[in-house]
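*Asks:* Let me see the structure of the following:
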Amino acid sequence: MSHTARRFLSTITVKATPSKAHHHGPLPSDTFPKGYLLTGIHAGVKKVSGVPDLGIILSTSSKPTSAAACFTRNAFKAAPVVVSEDILTSNGGRARAVVVNSGCANAVTGKQGMDDAWAMVKATDALLTPSPSTNSETLVMSTGVIGQNLPISKILSAIQSQQSDQPTRTLQNSFDAWERAAKAFMTTDTFPKLRSGVFTIDGVEYRMAGMDKGAGMIHPDMGPPKQGQLHATLLGCIMTDAAVSPRSLQNALTYAVDRSFNSISVDGDMSTNDTILVLANGAADGAAAEIDESTNKEAFEQFKEELTAFAIDLAQLVVRDGEGATKFVTVTVKNAATYADAHKIASRISTSALVKTALYGEDANWGRILAATGSVPLSREVDPKTVSVSFIPADGTAALPVLVNGEPEKVDEERASEILRQEDFELCVDLGGLGEAEAKYWTCDFSYEYVRINGDYRS
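*Replies:* You can find the predicted model right below:
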């Protein structure tokens, strides 16, 4: 007996990836924090001449600058991650500069990679005034292809071009400077991810601005320095002119990252380089005391919530720019026993290849959502008879329940198609009374374009 292989004919139309350009535009210069100088320049890491591939950020505040970070928990941490962790630990949470290159991750590069990361740190330290007296005060980040060495001589020459006596110096505090720095972070990103804003605590006006990059290899799981455990490359840097103690800045960032960058997924792959940094330089008000949770709990809580909201905004930009993505989907899990349980379920749904391909095909295949939900070990077992699933459009029109208390609804397929054709919508899973905890994740679909991009990434 002979068997003839059969292939099912697809009814899926290959859709063009929608433009993401509208997510970036000019920002008011008075919304950027005081006491910073930035630039983005071409060092020669990338092959295309003139494309920014080296970003530099300096704090010029006369007050001490606090620094905090959350780093990848991947076992193969890249050299810049290891070096930045060491600097933050040695300095007790103080740093005044950041240097970042794109086009080469400097990951799995052995001793040479470590030497190169330290060389970038030392060269950037030399731009600081006053110069560091003992320990280095520059944090370093890299993104790009893994396993290749940096063209370090080109990078060092580019850093040295920003010395105060050089005519090539372009360090400034203007929208153009912030935009150039944001562009220097980019790899497969289609737009620079830059945001800024103003907030008030105890009558003092502060500013916060930040940038990040990421479109593929996105499923971060980051934690504070030296915290063990194991999770695009995703890189981000947030600056504020508020004064915050190093300990409280780290605690606020850890909280914010868990609810933002640790709650996004493009493809379920954790990078060796994921890093989110925050600098707080106190330049807004020289008389203001450092915000600290032990001395002013209310001010700290306000700052923590401002930082969390800002981090969520930046993190969502990464998902919106997901490689080949045509959908931006919020996954909400509510009425779980604990936040950790809700977060795990939302993560599992967001990384399911079957769910993500159904999203691309605009198919309301809620059985895949349930299968993902039921595959996660939880602190309290889910009762299938209490679970409900709904599709919620972003335009404010009525939600579409597809499962209510474990019973399937007669689904209006035309209405389902209307919702799934939208670029933004929400998947809501209600566990029905295990508790009151809720978590959100942000994800996108899997498209043909994603496969094309990652099939020839090194070409």
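*Asks:* Which residue ranges of this structure form helices?
*Replies:* Secondary structure of the chain, counting by DSSP state H: helices at 79-91, 110-125, 152-160, 175-184, 246-258, 297-320, 339-351, 353-360, 366-374, 413-420, 448-455.
*Asks:* Pipe the ones you listed into JSON lines and attach distance to Lys440, mean neighbour count and mean pLDDT per row.
*Replies:* (Glycine included, C-beta is placed from N, CA and C.) Output for the helices of the chain, formatted as JSON lines (distance: least, Cβ to Cβ, whole Å; neighbours: other Cβ atoms under 10 Å; pLDDT from 0 to 100):
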{"stretch": "helix 79-91", "distance to Lys440": "27", "mean neighbour count": "21", "mean pLDDT": "97"}
{"stretch": "helix 110-125", "distance to Lys440": "35", "mean neighbour count": "19", "mean pLDDT": "98"}
{"stretch": "helix 152-160", "distance to Lys440": "38", "mean neighbour count": "18", "mean pLDDT": "98"}
{"stretch": "helix 175-184", "distance to Lys440": "25", "mean neighbour count": "23", "mean pLDDT": "98"}
{"stretch": "helix 246-258", "distance to Lys440": "12", "mean neighbour count": "22", "mean pLDDT": "97"}
{"stretch": "helix 297-320", "distance to Lys440": "9", "mean neighbour count": "20", "mean pLDDT": "97"}
{"stretch": "helix 339-351", "distance to Lys440": "7", "mean neighbour count": "22", "mean pLDDT": "96"}
{"stretch": "helix 353-360", "distance to Lys440": "16", "mean neighbour count": "20", "mean pLDDT": "95"}
{"stretch": "helix 366-374", "distance to Lys440": "15", "mean neighbour count": "19", "mean pLDDT": "97"}
{"stretch": "helix 413-420", "distance to Lys440": "18", "mean neighbour count": "15", "mean pLDDT": "94"}
{"stretch": "helix 448-455", "distance to Lys440": "23", "mean neighbour count": "14", "mean pLDDT": "84"}
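*Asks:* Of those helices, which is nearest Ser102?
*Replies:* helix 175-184 (6.2 Å; Cβ to Cβ).
*Asks:* now do the same end-to-end measure for stretch 323-339.
*Replies:* 29 Å (Cα to Cα, to the nearest Å).
*Asks:* How about stretch 13-20?
*Replies:* End-to-end distance (Cα to Cα), stretch 13-20: 20 Å.
*Asks:* Ok, which of the helices of the chain comes nearest Gly214?
*Replies:* Nearest of the helices of the chain (Cβ to Cβ): helix 297-320, 4.1 Å.
*Asks:* Please save the CA atoms from that closest one in CSV.
*Replies:* Output of helix 297-320 as CSV, limited to C-alpha atoms (Å, rounded to 0.1, in the frame of the first residue of the first chain):
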residue,chain,number,x,y,z
LYS,A,297,6.7,56.0,52.3
GLU,A,298,4.0,58.1,50.5
ALA,A,299,6.5,59.8,48.2
PHE,A,300,8.1,56.5,47.4
GLU,A,301,4.8,54.9,46.5
GLN,A,302,4.0,57.8,44.2
PHE,A,303,7.3,57.5,42.5
LYS,A,304,7.0,53.7,42.2
GLU,A,305,3.6,54.1,40.5
GLU,A,306,4.9,56.8,38.1
LEU,A,307,7.9,54.5,37.2
THR,A,308,5.6,51.5,36.7
ALA,A,309,3.2,53.4,34.4
PHE,A,310,6.1,54.7,32.4
ALA,A,311,7.7,51.3,32.1
ILE,A,312,4.5,49.8,30.9
ASP,A,313,4.2,52.4,28.2
LEU,A,314,7.8,51.6,27.0
ALA,A,315,7.3,47.8,27.2
GLN,A,316,4.1,48.0,25.1
LEU,A,317,6.0,49.7,22.3
VAL,A,318,8.3,46.6,22.1
VAL,A,319,5.3,44.4,21.5
ARG,A,320,3.7,46.8,19.0
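*Asks:* next one: that helix to chain centre, how far?
*Replies:* 12 Å (Cα atoms, centre = their mean, to the nearest Å).
*Asks:* for stretch 161-171, same thing?
*Replies:* The answer for stretch 161-171 is 30 Å, by Cα atoms, centre = their mean.
*Asks:* before we move on, back to that, could you dump the helices of the chain into JSON lines and include distance to Glu381?
*Replies:* Below are the helices of the chain laid out as JSON lines (distance: least, Cβ to Cβ, whole Å):
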{"stretch": "helix 79-91", "distance to Glu381": "38"}
{"stretch": "helix 110-125", "distance to Glu381": "46"}
{"stretch": "helix 152-160", "distance to Glu381": "53"}
{"stretch": "helix 175-184", "distance to Glu381": "45"}
{"stretch": "helix 246-258", "distance to Glu381": "24"}
{"stretch": "helix 297-320", "distance to Glu381": "30"}
{"stretch": "helix 339-351", "distance to Glu381": "10"}
{"stretch": "helix 353-360", "distance to Glu381": "22"}
{"stretch": "helix 366-374", "distance to Glu381": "10"}
{"stretch": "helix 413-420", "distance to Glu381": "30"}
{"stretch": "helix 448-455", "distance to Glu381": "35"}
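*Asks:* quick one, which of those helices is nearest to Tyr441?
*Replies:* Nearest of the helices of the chain (Cβ to Cβ): helix 339-351, 3.7 Å.
*Asks:* helices and strands around the closest one, which ones?
*Replies:* Where contact means 3 or more Cβ pairs under 8 Å, 6 or more residues apart in numbering; DSSP states H and E, helix 339-351 is packed against strand 264-265, strand 328-336, helix 366-374, strand 424-430, strand 437-444.
*Asks:* follow-up on the earlier one: out of the helices of the chain, which is closest to Gly25?
*Replies:* Nearest to Gly25, of the helices of the chain and by Cβ to Cβ, is helix 175-184 at 10.0 Å.
*Asks:* number of nearby residues for the closest residue to Ser62 other than its chain neighbours?
*Replies:* Nearest residue to Ser62 in three dimensions, chain neighbours excluded: Gly286, at 7.2 Å (Cβ to Cβ, 6 or more residues apart in numbering). Per other Cβ atoms under 10 Å, the neighbour tally for Gly286 reads 10.
*Asks:* Direction included, what does the worst-scoring helix or strand of the chain on mean pLDDT pair up with?
*Replies:* Of all helical and strand segments in the chain, the minimum by mean pLDDT, DSSP states H and E falls on strand 222-223, at a mean of 74. Here strand 222-223 is paired, per DSSP bridges, with strand 66-72 (antiparallel).
*Asks:* For the strand it pairs with, the averaged confidence score.
*Replies:* The pLDDT scores in strand 66-72 average 95.
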